[in-house]
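**Q** all I have is the shape, not the residue letters:
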């Protein structure tokens, strides 16, 4: 089994009530891969420009299970850069600037040696690019995509095509509302499963739908992220909800969602190796969300990858056990 992530590696500038960080390592691939590497080896397919600092590559190389052979350096291009400022509540965020750089160019090539990847995560980028990349992994057994409000507004046809080809979708609650025009996140996700999922439609009561009749036949589950309020899993076999870990030291929320996805996908691969279960089953995804929640709780404790660079697996195990005690009822 092998995990691969496509997305961005960038340079972030962050302003928060807790301080500031200038030109630090960021991007969806960065956070995803760092978090996932605590569970399994993860391959990256991304592009950076000639201005990408050598120290940022050295930082990524610190994570021994992050495979950078799919990282494309374009000497004459600029690296994707983003700047943001967080409000006092650390929830609301204002984008100060976005410099697309390599994102305005053709996507990076997938190395031949990566095309046998079985588990694929398509981090947030244009859905047309996500779809083109997805089709290069014929042996995939699980494909999950992330998206955002911009693509719902400007590239909906491509996004809808993508949703018919992936097994899972991760998005924020306001994006679920924007896509479905329904405020309730569970109802919104069910409507999306009805439209883009395999087999029969899911009933209003959440009864199981028929199993897919062909590979890559459409959405089986949606994870709706609600930030400090946790996440909701809407699956064709049921619904589950997990709170966020009650963190007391929030320094920088940047990358929390991507780290959540990394922990979730990394643990799915790890569980698959040990248990051999369907990676998109309700039980596996629900359990994996706890790992995603824990990884997100660590990344927010410092700017950029600061906390993950010092994190030890025993700390992950300890916090996971603590989180399981928190959510246990009875």
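**A** Sure thing, it's come through. Quick caveat, the model's predicted, so the values are computed rather than measured.
**Q** which residues in this protein form strands?
**A** 3-6, 10-16, 19-26, 42-49, 66-67, 71-74, 81-86, 93-99, 119-122, 142-146, 168-172, 221-225, 231-235, 238-242 (DSSP state E).
**Q** buried ones in stretch 88-101?
**A** By 16 or more other CB atoms under 10 Å, the buried positions in stretch 88-101 come out as 90, 101. Just so you know, the C-beta spots here come from the backbone N, C-alpha and C atoms, and that holds for glycine as well.
**Q** any idea how far residue 65 is from residue 42?
**A** To residue 65, residue 42 is 6 Å away according to CB to CB, to the nearest Å.
**Q** ok so, going back, okay if I get the strands of the chain as CSV plus distance to residue 113?
**A** Shown next, in CSV, are the strands of the chain (distance: least, CB to CB, whole Å):
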stretch, distance to residue 113
strand 3-6, 11
strand 10-16, 25
strand 19-26, 25
strand 42-49, 9
strand 66-67, 10
strand 71-74, 14
strand 81-86, 30
strand 93-99, 31
strand 119-122, 15
strand 142-146, 19
strand 168-172, 25
strand 221-225, 29
strand 231-235, 33
strand 238-242, 36
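**Q** redo the ones you listed as a markdown table? Include mean pLDDT and distance to residue 305.
**A** Putting the strands of the chain into a markdown table (pLDDT from 0 to 100; distance: least, CB to CB, whole Å) gives the following:
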| stretch | mean pLDDT | distance to residue 305 |
| --- | --- | --- |
| strand 3-6 | 98 | 15 |
| strand 10-16 | 98 | 11 |
| strand 19-26 | 98 | 6 |
| strand 42-49 | 98 | 14 |
| strand 66-67 | 98 | 11 |
| strand 71-74 | 98 | 16 |
| strand 81-86 | 97 | 15 |
| strand 93-99 | 95 | 19 |
| strand 119-122 | 98 | 18 |
| strand 142-146 | 98 | 19 |
| strand 168-172 | 97 | 20 |
| strand 221-225 | 97 | 20 |
| strand 231-235 | 98 | 22 |
| strand 238-242 | 98 | 24 |
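**Q** so what's residue 159 closest to, chain neighbours aside?
**A** Computed as CB to CB, 6 or more residues apart in numbering, the closest residue to residue 159 that is not its neighbour in sequence is residue 127, at 4.1 Å.
**Q** show the contacting residues for that neighbour.
**A** Contacts for residue 127 (CB atoms under 8 Å, 6 or more residues apart in numbering) come out as 145, 147, 151, 155, 158, 159, 161, 162.
**Q** ok, the last one - contacts?
**A** The one in question is residue 162. Residue 162 neighbours (CB under 8 Å, 6+ apart): 122, 127, 130, 131, 134, 145.
**Q** swap the cut-off to 6 Å and go again
**A** 127, 130, 131 (CB atoms under 6 Å, 6 or more residues apart in numbering).
**Q** quick one: closest of the strands of the chain to residue 60.
**A** Within these, the stretch nearest residue 60 is strand 66-67; the backing value is 5.8 Å (CB to CB).
**Q** what lines up beside that closest one in the sheet?
**A** In the sheet, strand 66-67 lines up against strand 42-49 (parallel) (DSSP bridges).
**Q** could you check the angle the partner strand makes with strand 93-99?
**A** Orientation note: strand 42-49 sits at an angle of 60 degrees relative to strand 93-99 (axes from the mean of the first three to the mean of the last three CA atoms, to 10 degrees).
**Q** I'd say residue 94 and residue 86 touch.
**A** No - if you go by CB atoms under 6 Å, residue 94 and residue 86 don't touch, sitting 8.0 Å apart.
**Q** so what does the biggest helix by length in the chain touch, helix or strand wise?
**A** Ranked by residue count and defined by DSSP state H, the top helix of the chain is helix 256-275. Packed against helix 256-275 by the contact rule (3 or more CB pairs under 6 Å, 6 or more residues apart in numbering; DSSP states H and E) you find helix 28-36, helix 282-299.
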